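Enquirer: The following comprises the amino acid sequence and a computationally predicted model.
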Amino acid sequence: MDLDGATVLLLLVAGFLAGFVDSIAGGGGLIGIPALLFAGAGPLTALGTNKVQAIFGAAAAARTYVRSGHVKTEAVARLVPISFAAAGVGALLATRMPTQFLERAIPVALIAIALFFALAPNVDDLTRSPRLSPRLMTVTAVPILGFYDGAFGPGTGSFLMISFVALAGLGVLAATAHTKILNLASNVGAFCVFAATGAIEWRVGIMMGFAQLCGAGLGARMAVANGARLIRPLLVLTCVGMAVRLLAF
C-alpha cells in the first residue's frame with residue numbers, strides 16, 4: 001500500500017470514527033474496511049488489517065466498561081474462550097463460505113434490530129429476567145456470533161447487544177459493556193488466523209489501531225455517562241446505516 005499524506009489522514013480519521021461508533025453501537029468494520037479498500041488493500045488484507053485495529057478499539061472500550069463496573073467479570077469470563085475459538089473457526093472458513101445468502105440476509109436483520117430498539121418499550125438500562133439461561137446463551141448466541149464475526153463480520157456488535165438485551169435480560173448499557181468483551185475475544189481469534197496466513201498490513205493496522213484506541217476510549221466514556229439515552233438512538237442509526245451500506249454495495 002502506498003501511504004501518502006492524504007491516505008494516512010483518511011486512515012487515521014476512519015480508525016478514530018470506527019472506534020468511536022463501534023464502542024457504543026457496533027459497526028466499526030463498515031468504516032474501517034472500506035477505508036482500507038480505498039487505500040489500496042486487497043479484500044483479504046483489508047479484513048485481516050481491520051482486525052488489528054479492531055483489537056485496539058475493543059480493548060480500550062472493554063477496559064473502560066470494566067473499570068466503570070458494568071461488566072460481570074465472572075459470568076463473561078467463561079464466554080471469552082468460546083467467542084475466541086468460534087471466531088477462529090469462522091476466519092478459517094471465510095474464504096470458502098458462500099457469502100451471497102449472508103449478504104442478503106444481514107441487512108434485513110440489521111433493520112429488524114433498528115426497529116426493535118426504536119419501537120420496543122422498556123429498552124433501557126434496567127436489568128430484567130432473562131429469557132435464556134446462561135448455559136443456553138453459552139452454547140447458542142455466543143458461538144454463533146463469534147463464528148459470524150470471524151467469517152463475515154458486519155453488525156456483530158449489534159447482534160450481540162440485542163442478544164444480551166432480549167435474551168439475557170441485561171439493560172442497554174450492561175449489554176454494550178459485555179458485547180465489547182466478547183468482541184475483543186472474537187477479534188483476537190480471527191486475528192490469529194489472519195496473521196498466520198500473512199493477510200495483514202502491519203504498519204497500517206497499528207497506525208489505525210492507535211486512532212481507534214482514541215475513538216473507542218471517548219465513545220465508551222460517553223456511553224457510560226449517558227447510558228441508553230446515547231446508545232439506543234446511535235444503535236438505531238448505525239444499524240440502518242449498515243443495512244443501507246450493505247444493500248447499496
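Expert: Nice, I can see it. Residues are numbered from 1 along each chain as shown.
Enquirer: quick one: the helices in the protein?
Expert: Using DSSP state H, the helices of the chain run over residues 5-25, 29-38, 43-67, 73-77, 80-93, 100-119, 134-139, 141-151, 156-166, 172-196, 202-226, 228-248.
Enquirer: so can I have CSV of the ones you listed showing mean neighbour count and mean pLDDT?
Expert: Where C-beta positions appear, they are placed from N, C-alpha and C, glycine not excepted. Output for the helices of the chain, formatted as CSV (neighbours: other C-beta atoms under 10 Å; pLDDT from 0 to 100):
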stretch, mean neighbour count, mean pLDDT
helix 5-25, 22, 87
helix 29-38, 22, 80
helix 43-67, 24, 89
helix 73-77, 12, 83
helix 80-93, 21, 92
helix 100-119, 16, 64
helix 134-139, 13, 80
helix 141-151, 23, 89
helix 156-166, 24, 82
helix 172-196, 25, 91
helix 202-226, 21, 91
helix 228-248, 19, 71
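Enquirer: Give me the residue at the spatial middle of the protein.
Expert: residue 157 (3.9 Å; C-alpha atoms, centre = their mean).
Enquirer: Tell me the spacing between that one and residue 181.
Expert: The gap separating residue 157 from residue 181 is 11 Å, by C-beta to C-beta, to the nearest Å.
Enquirer: Likewise for residue 29?
Expert: Applying C-beta to C-beta to residue 29 and residue 181 gives a distance of 18 Å.
Enquirer: How far does stretch 222-235 stretch from one end to the other?
Expert: Using C-alpha to C-alpha, to the nearest Å, the end-to-end distance of stretch 222-235 comes to 14 Å.
Enquirer: Residue 57 reaches residue 216, doesn't it?
Expert: Yes - assessed by C-beta atoms under 8 Å, residue 57 is found in contact with residue 216 at 3.8 Å.
Enquirer: which neighbours do these two share?
Expert: Common contact partners of residue 57 and residue 216 (C-beta atoms under 8 Å, 6 or more residues apart in numbering): 19, 22, 23.
Enquirer: Could you double-check that the last one sits in contact with residue 59?
Expert: It refers to residue 23. No - counting by C-beta under 8 Å, residue 23 stays clear of residue 59, with 10.5 Å between them.
Enquirer: what about the residue nearest to residue 8 when sequence neighbours are not counted, distance to residue 240?
Expert: Nearest residue to residue 8 in three dimensions, chain neighbours excluded: residue 207, at 7.3 Å (C-beta to C-beta, 6 or more residues apart in numbering). Using C-beta to C-beta, we find residue 207 at a distance of 30 Å from residue 240.
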